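# This is a predicted model, with the sequence first.
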Amino acid sequence: MSPLRWAASIVGFPIGGLAAITFFSTTDGPIAAAMAGFIAGAVLGTAQWLALRPSVSGWWIPATAGGLASGAAIAVAITGGGTSLGELALFGTISGLVVGAAQGAVLSARRMVAWIATISASWTLAWVISTLVIVDEQRGFALFGLSGAAFATLATGLALRRMLGARSPRVHSAMGMETA
């Protein structure tokens with residue numbers, strides 16, 4: 001896995017969050033949170049899949065979208081859509097558990113537990129980081145901001161590097177074209 005390509009996936013967090021908040025707020029209840037999570041997860045999943053391919057299948061995208069939709073709905077049902085530091089940290093823990101399980105199923109069964117723990121812990125801390133610098137968290141974002149995204153991308157990138165190994169070497173096809 002290329003760390004530089006994974007670093008580029010950082011943009012999926014704020015773009016996904018902004019796309020979701022355009023239509024839905026997590027403060028409007030579990031159904032709105034699920035819709036926001038689905039939109040944000042689809043954008044994030046696509047950005048991450050582009051960075052991870054060909055190491056993971058395209059199922060990464062619907063796994064991320066469905067995981068964040070489910071995780072956001074569960075988190076809002078538990079927190080009531082609150083936006084305090086503690087409520088957003090809990091939102092990160094819960095949504096990270098569900099997204100981690102969904103993405104972990106795409107990675108492989110033997111990597112699933114480690115991936116769930118990585119996503120849940122990094123998303124919890126990412127929400128704490130973002131909450132300390134974000135000025136409008138009461139709007140009900142489905143994903144944390146760029147400051148939290150930088151942390152989560154670094155933490156998950158290090159874990160993925162260990163799980164997937166170094167970037168696969170390039171091989172030359174019969175036509176002289178490089179492929180991954």
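Thanks, I have it. Numbering: from 1, shown residues only.
# For this protein, give me the ranges with low pLDDT.
Counting by pLDDT under 70, the ranges of the chain that qualify are 1, 135, 166-180.
# For the spatially most central residue of it, pull up the helix or strand it's in.
The centroid of the chain falls nearest to residue 44 when counting by Cα atoms, centre = their mean (5.8 Å). Using DSSP states H and E, residue 44 sits in helix 30-52.
# Following the chain onward from that helix, which element is next?
Remark: after helix 30-52, the chain's next helix or strand is helix 60-79, criterion DSSP H and E.
# Let's see the next helix-or-strand element following that following helix as PDB, backbone CA atoms only.
Using DSSP H and E, the helix or strand that follows helix 60-79 towards the C-terminus is helix 85-107. Extracted in PDB, the C-alpha atoms of helix 85-107 (Å, rounded to 0.1, in the frame of the first residue of the first chain):
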ATOM      1  CA  LEU A  85     -17.300  16.700  23.200                       C
ATOM      2  CA  GLY A  86     -18.300  13.600  25.000                       C
ATOM      3  CA  GLU A  87     -21.200  12.900  22.700                       C
ATOM      4  CA  LEU A  88     -19.100  13.400  19.600                       C
ATOM      5  CA  ALA A  89     -16.400  11.100  21.000                       C
ATOM      6  CA  LEU A  90     -19.100   8.500  21.600                       C
ATOM      7  CA  PHE A  91     -20.400   9.100  18.100                       C
ATOM      8  CA  GLY A  92     -16.900   8.400  16.700                       C
ATOM      9  CA  THR A  93     -16.500   5.300  18.800                       C
ATOM     10  CA  ILE A  94     -19.900   3.800  17.700                       C
ATOM     11  CA  SER A  95     -19.700   4.800  14.000                       C
ATOM     12  CA  GLY A  96     -16.100   3.700  13.900                       C
ATOM     13  CA  LEU A  97     -17.000   0.300  15.300                       C
ATOM     14  CA  VAL A  98     -19.700  -0.200  12.600                       C
ATOM     15  CA  VAL A  99     -17.600   1.200   9.700                       C
ATOM     16  CA  GLY A 100     -14.600  -0.800  10.900                       C
ATOM     17  CA  ALA A 101     -16.600  -4.000  10.900                       C
ATOM     18  CA  ALA A 102     -18.000  -3.400   7.400                       C
ATOM     19  CA  GLN A 103     -14.600  -2.400   6.000                       C
ATOM     20  CA  GLY A 104     -12.900  -5.300   7.900                       C
ATOM     21  CA  ALA A 105     -15.200  -7.700   6.100                       C
ATOM     22  CA  VAL A 106     -13.800  -6.500   2.800                       C
ATOM     23  CA  LEU A 107     -10.200  -6.700   4.100                       C
END
